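[1] Sharing a sequence plus its predicted fold:
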Amino acid sequence: MRSVKHMDSSLIRDIFEMASSESLNLGIGMPYCPASVEVKQAIVQALEDDETFYTPNAGITLLREEVALRYTYQGEGSVSSENVLITTGAAQGLFLAMVSLLSPGDTVLLPDPGYPAYRNIARFLGCRIETYGFDYEKMVADSEELFKKSSKGPRIIILNAPSNPTGAVLTKEQFSELAVLLEKNDSFAVSDEVYGALSYDAPFLSAAGFLPRERTIILSSLSKESALTGLRVGWCYSDKGVIEKLKTIHQHMVSCAASLSQWAAVEAVRRGGERIKTQMGKNRTLMESFLKKIPGFEFTRPPGGLYFFVNVSAYTAGRPFAEELLKKEQVITVPGEAFGERGGRFVRISFGASPADIEEGCRRIRRFVYDITRA
């Protein structure tokens, strides 16, 4: 049964509501960087050109064409604007994908820990939930569990690489095996690639290069790669027939993504995410240099994304650690249990903050841990 009563409120929001306006934010889910000058100019130009009306439901053609070009480089062959639907952020795209594919009683295989909306939308739709975990040493999805549960024929398999909150990725071998399983078991993949542009140690691998397009919906946006979280613009990429079904739902939800955001997105897509990736790579190195000096912290450097996922079980569970840290040192982090049952030993610490906030925040965390060990 589809009911909002089956959805949980976000523990992430609960933590932020506990914080004061003076709290130092290492729970932030976005890069601190401002929008580029060129993107700002694109918005101004769109206003001057009176681009303030409805756009086509699927989005302006130019933007869809620019997005489609990304997937021609993934070895996808013939790709056009008809393979792309512009959404109000990847979050709306996720809802569209799940609503279009799922019926009550269907099984959803999703990552744990993982983005909370995956689980909550599945519950809202009355679906059964199965989960797979991660190999934290290799920072990849747990192959044995992923393949075993994928073999049971879930209706959809949700992929997220680089992962929120772990930063873990998927390998070529994992994608190849999943491609076989999707066909064999009549399953679909929903691949959340919002953090794809923030891949630091190796080129990003998109599902588009491996999985059958007619059985895959790729979600992405400019929120992380271009630091445009407030513009709420993203996209779904899939087979033309799938996109048409998504568009039918989309037009009844929002009509279209905001026109000014779409014109800004044209410029952002053309420029790519190298500016943000470079700064976040520096931030990752900076934060790691501080965290590795804190006794009892267990973590592996994330190959992508915006977060260190730190095991703090040497002291306590993740939630009391985050709550006491906020209370005593005014530093916001996110308990791992916000992302699923398997995250209970962890806290998520974001390097999306400014370098100054990273340095000060890590100094306070170290002081907090030192006080624990002396107690």
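    On my side now, so go ahead.

[2] Please state the offset of the lengthiest helix in the chain from the chain centre?
    Longest helix of the chain, by residue count under DSSP state H: helix 355-374. Centre-to-centre, helix 355-374 and its host chain are 27 Å apart (Cα atoms, centre = their mean, to the nearest Å).

[3] Who are the packing partners of it?
    strand 24-25, helix 274-291, helix 318-329, strand 331-332 (3 or more Cβ pairs under 8 Å, 6 or more residues apart in numbering; DSSP states H and E). (Each C-beta comes from the backbone N, C-alpha and C, glycine too.)

[4] hmm, who's touching it?
    Helix 355-374 is contacted from outside by 24-26, 32, 282-283, 286-287, 290-291, 293-297, 315, 324-325, 328-331, 333, 349, 351, 353, using Cβ atoms under 8 Å, 6 or more residues apart in numbering.

[5] PyMOL command for the buried members of these?
    Buried residues within the contacts of helix 355-374, by 16 or more other Cβ atoms under 10 Å, are selected in PyMOL with:
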select buried, resi 24+25+26+32+283+287+290+291+294+297+315+325+329+331+333+349+351+353
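
[6] what mean pLDDT does the helix or strand hosting residue 182 have?
    Taking DSSP states H and E as the definition, one finds residue 182 inside helix 172-185. Rounded to a whole number, the mean pLDDT of helix 172-185 is 97.

[7] Ok, stretch 64-72 next?
    93.

[8] in that stretch, what's buried?
    For stretch 64-72, the neighbour count (16+ other Cβ under 10 Å) marks 64, 66-68, 70-71 as buried.

[9] Tell me how many other residues surround the residue lying closest to residue 344 once chain neighbours are set aside.
    Excluding its sequence neighbours, the residue lying closest to residue 344 (Cβ to Cβ, 6 or more residues apart in numbering) is residue 337, at 4.7 Å. Counted by other Cβ atoms under 10 Å, the residues lying close to residue 337 total 19.

[10] before we move on, what about the one 4 residues further on?
    Here the number of neighbours of residue 341 (other Cβ under 10 Å) works out to 11.

[11] Could I get the full set of strands for the stretch 201-350 of the chain?
    For the stretch 201-350 of the chain, the strands defined by DSSP state E, counting those that start in this stretch cover 216-221, 234-237, 307-311, 331-332, 334-335, 346-350.

[12] Any chance of JSON lines for these, columns distance to residue 259 and mean pLDDT?
    As requested, the strands of the stretch 201-350 of the chain are exported to JSON lines (distance: least, Cβ to Cβ, whole Å; pLDDT from 0 to 100):
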{"stretch": "strand 216-221", "distance to residue 259": "17", "mean pLDDT": "98"}
{"stretch": "strand 234-237", "distance to residue 259": "15", "mean pLDDT": "98"}
{"stretch": "strand 307-311", "distance to residue 259": "33", "mean pLDDT": "98"}
{"stretch": "strand 331-332", "distance to residue 259": "34", "mean pLDDT": "98"}
{"stretch": "strand 334-335", "distance to residue 259": "34", "mean pLDDT": "97"}
{"stretch": "strand 346-350", "distance to residue 259": "31", "mean pLDDT": "98"}
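
[13] Next, format the ones you listed as a markdown table and append distance to residue 270.
    Below are the strands of the stretch 201-350 of the chain laid out as a markdown table (distance: least, Cβ to Cβ, whole Å):
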| stretch | distance to residue 270 |
| --- | --- |
| strand 216-221 | 15 |
| strand 234-237 | 14 |
| strand 307-311 | 28 |
| strand 331-332 | 34 |
| strand 334-335 | 33 |
| strand 346-350 | 28 |
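
[14] among those strands, which is nearest residue 39?
    For the strands of the stretch 201-350 of the chain, proximity to residue 39 was assessed by Cβ to Cβ; strand 216-221 is nearest, at 13.9 Å.

[15] Output that closest one as CSV, nothing but the C-alphas.
    Taking Å, rounded to 0.1, in the frame of the first residue of the first chain, the C-alpha atoms of strand 216-221 are listed here in CSV:
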residue,chain,number,x,y,z
THR,A,216,18.8,0.8,-16.9
ILE,A,217,17.8,4.3,-15.7
ILE,A,218,20.8,6.5,-14.9
LEU,A,219,20.3,9.4,-12.6
SER,A,220,22.6,12.4,-12.4
SER,A,221,22.6,16.1,-11.7
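
[16] got the buried residues for it?
    Residues of strand 216-221 classed as buried by neighbour count (16+ other Cβ under 10 Å): 216-221.

[17] got the contact list for that strand?
    71, 87, 89-90, 93-94, 97, 101, 182, 188-194, 196, 206-208, 233-238, 242, 246.

[18] picking up where we left off before, by contact count, what packs against the helix holding residue 182?
    Here helix 172-185 touches helix 143-150, strand 156-160, strand 188-192, going by 3+ Cβ pairs under 8 Å, 6+ apart.

[19] Next, the angle strand 216-221 makes with that helix.
    130 degrees (axes from the mean of the first three to the mean of the last three Cα atoms, to 10 degrees).
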